[in-house]
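Chemist: Sharing a model that was predicted from the sequence below.
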Amino acid sequence: MPSSDRRKDKAVAARPWWLGAAVFAMGLLWLHGAQGIASTTNFIGLGPAAMIRMVGAGLAILGMLLILQALRGVPFMPQEEEGADAAAPPSRPAFLLALAGIAVPLATIRMLGFPLTAIFAFALVTHAFGSRRTLLDLAIGAVIGAASWYGFSLLGIELGPFLPVAGW
């Protein structure tokens, strides 16, 4: 067997089909979990489980697409052109900042409220993606957080007081 065929067989075996299977399984878990949520609806006709069902369906579809990509031999990541520098390895500090941006709401939403929590989470995630405009990121997070809180309150979905720290 020529060495090029061995390399090709090794490359096919190394394709992460299991990643697609994991994403598909996660989607099925989300869909299963949505069944346990009460299906009461608001005046807009959507219940609280609607977003969870959409995310679950999206994950299941993406998982199937990843499995098909792996089986067809299509690479998950675009290949570098010959002669180009190798892609930089993932940044651990950026990952930790993004993880903190996800974890901040768990720790602060009851104490600080939705808008302030959204401000800090947005700023942490934007810094993880390379932004260094802290004041602009905080301002954009404030607008998104306040608009989201107001929009949900118009729909009759209670996210708690606007600023529990100030007693609002």
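Modeler: Received, thanks. Numbering: from 1, shown residues only.
Chemist: Give the closest residue to His32 in space, chain neighbours not counted.
Modeler: For His32, ignoring the flanking residues on the chain, the nearest one in space by Cβ to Cβ, 6 or more residues apart in numbering is Gly56 at 8.0 Å. All C-beta spots, glycine's among them, are computed from the backbone N, C-alpha and C.
Chemist: swap in Ser153?
Modeler: The spatial neighbour of Ser153 that comes closest, neighbours along the chain excluded (Cβ to Cβ, 6+ apart), is Leu159 at 7.1 Å.
Chemist: quick one on the thing from earlier: the residue nearest to His32 sits in which helix or strand?
Modeler: In the assignment (DSSP states H and E), Gly56 maps to helix 50-72.
Chemist: mind listing what's buried in the next helix or strand after that helix?
Modeler: Proceeding N to C from helix 50-72, the next assigned helix or strand is helix 92-112, under DSSP H and E. Judged by neighbour count using 16 or more other Cβ atoms under 10 Å, the buried positions of helix 92-112 are 97-98, 100-101, 104, 109, 112.
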